[in-house]
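Novice: Just the structure for this:
(4 chains)
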2 protein chains.
Amino acid sequence: MPSARTPEALRLADEFRRLIAEHMWAPGDPLPSRTQIGQEHGVGENVVRRAQELLISQGVLEGRAGSGTYVAEPRQRVRVVRSSAREQPGVAPFRADMKALGRQGDWESRTDAKVPAPADIAARLGLAEGDLCVRTTYEFLANGKPVQLSTSWEPCDLTAGTLVVLPEGGPHAGAGVVNRMAAIGVTVSHAVEQPEPRTATAEEASLLGIQKATLVTHIRRTYYSDQGRPVETDIVVPTALCEIVYEIPINP
Amino acid sequence: MPSARTPEALRLADEFRRLIAEHMWAPGDPLPSRTQIGQEHGVGENVVRRAQELLISQGVLEGRAGSGTYVAEPRQRVRVVRSSAREQPGVAPFRADMKALGRQGDWESRTDAKVPAPADIAARLGLAEGDLCVRTTYEFLANGKPVQLSTSWEPCDLTAGTLVVLPEGGPHAGAGVVNRMAAIGVTVSHAVEQPEPRTATAEEASLLGIQKATLVTHIRRTYYSDQGRPVETDIVVPTALCEIVYEIPINP
DNA sequence: TCGAATTTGTGCGTATGTATC
DNA sequence: GGATACATACGCACAAATTCG
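Specialist: Next comes the predicted model:
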């Protein structure tokens, strides 16, 4: 009849937390190796690993393969405001967000002009599978570091032959969907966003510089106009880097 | 030199998915035991376990301790709309949501009248730690089954001596925060919601009838009035049961 | 420049607890 | 109460990445 009621790994994780809280371990410091910690605490190497994994998933520690496990630097998260006030004439929403935080907002993008819509996107856009779209993938940077990913899908026949075919080209480059649509006479009346939690894929983690399998919020956004749905956008917001804020006005 | 590039567990998970997609396994069916599956596929027992865990975390399978692993029943998720249109005079927001889905919306609540605010709540409400609050915990039901949890915190000195001291008592019971505040002359101008992904605690999983450690969205909501922040609410929305929709009007 | 030692990361296995039938 | 099945904790072996002489 053995059995401590709380697993050793959890106790060890608490010990790590205590050492960090009491400034025995400072941000950026490497931890001793797993074998060393294991010997000092009289536990198996795996127990150490599990304790570290727990805190890594919580953003307290950071593991670097081949190098060591480190105390994570406390980084201020980017506040991403999502409200109607985001859409201002001639200003890119993301850059406005970053300016409010005193950071430089930039982005890199790649546009593929005629991409057949995959099944799920086609369903969301009300198209047949395989109908052509303009797909643009974005990587948003705050002070040069990636903090957010997104992919936008616009049906080809919506913008074909206009000046705004390419989201990041022409006179309205980077002005945001609402402004671009307004330029071709399409009035966007409202947007709908559906945030869903999931874990980051390996590719996303690599692009964003975050630990693997950490939590992200996947926002599926739809812009609605009088004529129908102009644009769908998938946005990936890593929890470790950004906090999402929805502002909701209350009608009296 | 061994090593298949893809782990056995992932291949087995795909096999499970295929069997379900091809209707060999129907919703509600129990899977064979892990030892049996392991022998049939020539893999270890824990490989089966990992494959099942993966699909359980995705809501495809469902594990019941002591009983077996089952194909999850496909249940339609409850659509929770979060927008300014939610707040209508005299109507509880949640009940309106459920009515739009053709379901019956109910809730159970428990109010504790004078609870000292814990540190994090005090900070959010702009109080000192230990200041008294009215804490109300809710369990929202759709057709009798719990789908959402929330906890609201109201500073005592805000409502003390009025008819709306208790959120679920008096003439404005269940009418929603905005209406109750209006009854005592406090005009709520806007709300701010901050959705964060995390995993469900054991208690939450038990209350909501979901698998342990599945994903939820934890929404921290603040109602703002002209005088300051009247109310904070923590809302727990399980991904398996609900989808969250934010409607954002676009100002032309 | 290269390779060996160190460290983290991954996959798989075993023992034991615990719930269900 | 016994048998069965899932759940949990812990351990081992090897691969991948990094570091440093």
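Novice: Going by C-alpha atoms from here, please, whenever you check contacts or count neighbours.
Specialist: Will do.
Novice: for DNA strand C, what are the nearby residues on the stretch 151-252 of chain A?
Specialist: Within the stretch 151-252 of chain A, the positions adjacent to DNA strand C are residue A:212 by Cα under 7 Å from any atom of the strand.
Novice: from the stretch 151-252 of chain A, which residue is nearest to DNA strand C?
Specialist: Closest contact between the stretch 151-252 of chain A and DNA strand C, by Cα to the nearest atom of the strand, is at residue A:212 (6.8 Å).
Novice: tell me the phi and psi of that residue?
Specialist: When quoted as degrees, to the nearest 10, the phi and psi of residue A:212 stand at phi -70, psi 150.
Novice: Apart from its neighbours in sequence, what residue is nearest it?
Specialist: In this structure, residue A:212 finds its nearest non-sequential neighbour in residue A:205, 5.5 Å apart by Cα to Cα, 6 or more residues apart in numbering or on different chains.
Novice: so where is chain A shaky, pLDDT-wise?
Specialist: Residues of chain A that meet the criterion pLDDT under 70 lie in A:1-5, A:86-91, A:252.
Novice: Tell me where it has helices.
Specialist: Per DSSP state H, chain A carries helices over the ranges A:8-21, A:34-41, A:45-57, A:93-100, A:119-125, A:156-159, A:177-183, A:202-208.
Novice: In contact with the spatially most central residue of chain A, which residues?
Specialist: Note on chain A: the residue nearest the mean C-alpha position is residue A:237, at 1.9 Å, using Cα atoms, centre = their mean. Shown in contact with residue A:237 (Cα atoms under 8 Å, 6 or more residues apart in numbering or on different chains): A:147-149, A:216-219.
Novice: Tell me the most packed of those residues, by neighbour count.
Specialist: Most neighbours among those, by other Cα atoms under 10 Å in any protein chain shown: residue A:216, with 27 neighbours.
Novice: tell me which residues form a beta bridge with that residue?
Specialist: Beta-bridge partners for residue A:216, by DSSP bridges, are residue A:198, residue A:238.
Novice: Could you do residue A:148 as well?
Specialist: Taking DSSP bridges as the rule, residue A:148 bridges to residue A:140.
Novice: In this structure it contacts residue A:208, no?
Specialist: Yes - between residue A:148 and residue A:208 there is a contact at 7.2 Å, judged by Cα atoms under 8 Å.
Novice: tell me which parts of the stretch 1-150 of chain A are close to DNA strand D?
Specialist: Counting by Cα under 7 Å from any atom of the strand, the stretch 1-150 of chain A comes close to DNA strand D at A:6-9, A:43-47, A:64-67.
Novice: Would you mind listing what in the stretch 151-252 of chain A touches chain B?
Specialist: When proximity is defined by Cα under 8 Å from any Cα of the partner chain, the stretch 151-252 of chain A lies next to chain B at A:187-198, A:215-217, A:239, A:243-252.
Novice: Check those residues for burial and list the buried ones.
Specialist: Among those, the ones that count as buried by 16 or more other Cα atoms under 10 Å in any protein chain shown are A:187-188, A:190-198, A:215-217, A:239, A:243-250.
Novice: Not counting residues beside it along the chain, what's closest to the closest residue to chain B within the stretch 1-150 of chain A?
Specialist: As assessed by Cα to the nearest Cα, chain B sits closest to residue A:84 within the stretch 1-150 of chain A, at 5.1 Å. Of all residues not flanking residue A:84 in the chain, residue B:250 sits nearest, at 5.1 Å (Cα to Cα, 6+ apart).
Novice: Tell me if I'm right that the one you found and residue A:191 touch.
Specialist: Yes - assessed by Cα under 8 Å, residue B:250 is found in contact with residue A:191 at 7.0 Å.
Novice: For the helices of chain A, give me JSON lines that also has distance to residue B:230 and mean neighbour count.
Specialist: Formatted as JSON lines, those follow (distance: least, Cα to Cα, whole Å; neighbours: other Cα atoms under 10 Å in any protein chain shown):
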{"stretch": "helix A:8-21", "distance to residue B:230": "33", "mean neighbour count": "16"}
{"stretch": "helix A:34-41", "distance to residue B:230": "48", "mean neighbour count": "14"}
{"stretch": "helix A:45-57", "distance to residue B:230": "34", "mean neighbour count": "19"}
{"stretch": "helix A:93-100", "distance to residue B:230": "26", "mean neighbour count": "18"}
{"stretch": "helix A:119-125", "distance to residue B:230": "38", "mean neighbour count": "16"}
{"stretch": "helix A:156-159", "distance to residue B:230": "45", "mean neighbour count": "17"}
{"stretch": "helix A:177-183", "distance to residue B:230": "34", "mean neighbour count": "20"}
{"stretch": "helix A:202-208", "distance to residue B:230": "37", "mean neighbour count": "16"}
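Novice: and residue B:130, which of those helices is closest to it?
Specialist: Nearest to residue B:130, of all the helices of chain A, is helix A:8-21, at 22.8 Å by Cα to Cα.
Novice: That closest one close to DNA strand C?
Specialist: No - contact of helix A:8-21 with DNA strand C (Cα under 7 Å from any atom of the strand) is absent, the minimum separation being 13.1 Å.
Novice: contacts for that helix?
Specialist: Helix A:8-21 has contacts (Cα under 8 Å, 6+ apart) with A:25-26, A:43, A:47-48, A:50-52, A:54-55, A:71.
Novice: Ok, stretch A:147-161 next?
Specialist: Identification of contacts with stretch A:147-161 by Cα under 8 Å, 6+ apart yields A:78, A:114, A:121, A:125, A:131-141, A:165, A:184, A:208, A:230-238, A:241-242.
Novice: how many neighbours does residue A:6 have?
Specialist: Counted by other Cα under 10 Å, the residues lying close to residue A:6 total 8.
Novice: where exactly do the strands run in the stretch 151-252 of chain A?
Specialist: For the stretch 151-252 of chain A, the strands defined by DSSP state E, counting those that start in this stretch cover A:188-199, A:215-225, A:228-238, A:242-249.
Novice: Select, out of those strands, the one closest to residue B:110.
Specialist: strand A:242-249 (27.0 Å).
Novice: Which other helices and strands does the closest one contact?
Specialist: strand A:78-82, strand B:188-199 (3 or more Cα pairs under 8 Å, 6 or more residues apart in numbering or on different chains; DSSP states H and E).
Novice: redo that, cut-off 10 Å
Specialist: If contacts are counted by 3 or more Cα pairs under 10 Å, 6 or more residues apart in numbering or on different chains; DSSP states H and E, strand A:242-249 sits against strand A:78-82, strand A:215-225, strand A:228-238, strand B:188-199, strand B:215-225, strand B:242-249.
Novice: Sort out which residues of the third one are buried, please.
Specialist: Spelled out, it's strand A:228-238. Neighbour counts over strand A:228-238 (16+ other Cα under 10 Å) mark A:229-238 as buried.
Novice: same thing with the first one?
Specialist: Using 16+ other Cα under 10 Å as the test for burial, strand A:78-82 gives A:78-82.
Novice: now the angle from it to strand B:242-249?
Specialist: Interaxial angle of strand A:78-82 relative to strand B:242-249 (axes from the mean of the first three to the mean of the last three Cα atoms, to 10 degrees): 70 degrees.
Novice: One more: the third one?
Specialist: Counting by the same axes, to 10 degrees, strand A:228-238 points 120 degrees away from the direction of strand B:242-249.
Novice: Quickly list what's touching both of residue B:250 and residue A:191.
Specialist: Common contacts of residue B:250 and residue A:191 (Cα atoms under 10 Å, 6 or more residues apart in numbering or on different chains): A:83-84, A:178, A:223-224.
Novice: Mind picking the two most distant members of those residues?
Specialist: Greatest spatial distance among the shared contacts of residue B:250 and residue A:191 (Cα to Cα): A:83 and A:224, at 14.9 Å.
Novice: Let me see the domain layout of chain A.
Specialist: Split into domains by automatic domain parsing, chain A comes to A:7-71, A:78-247.
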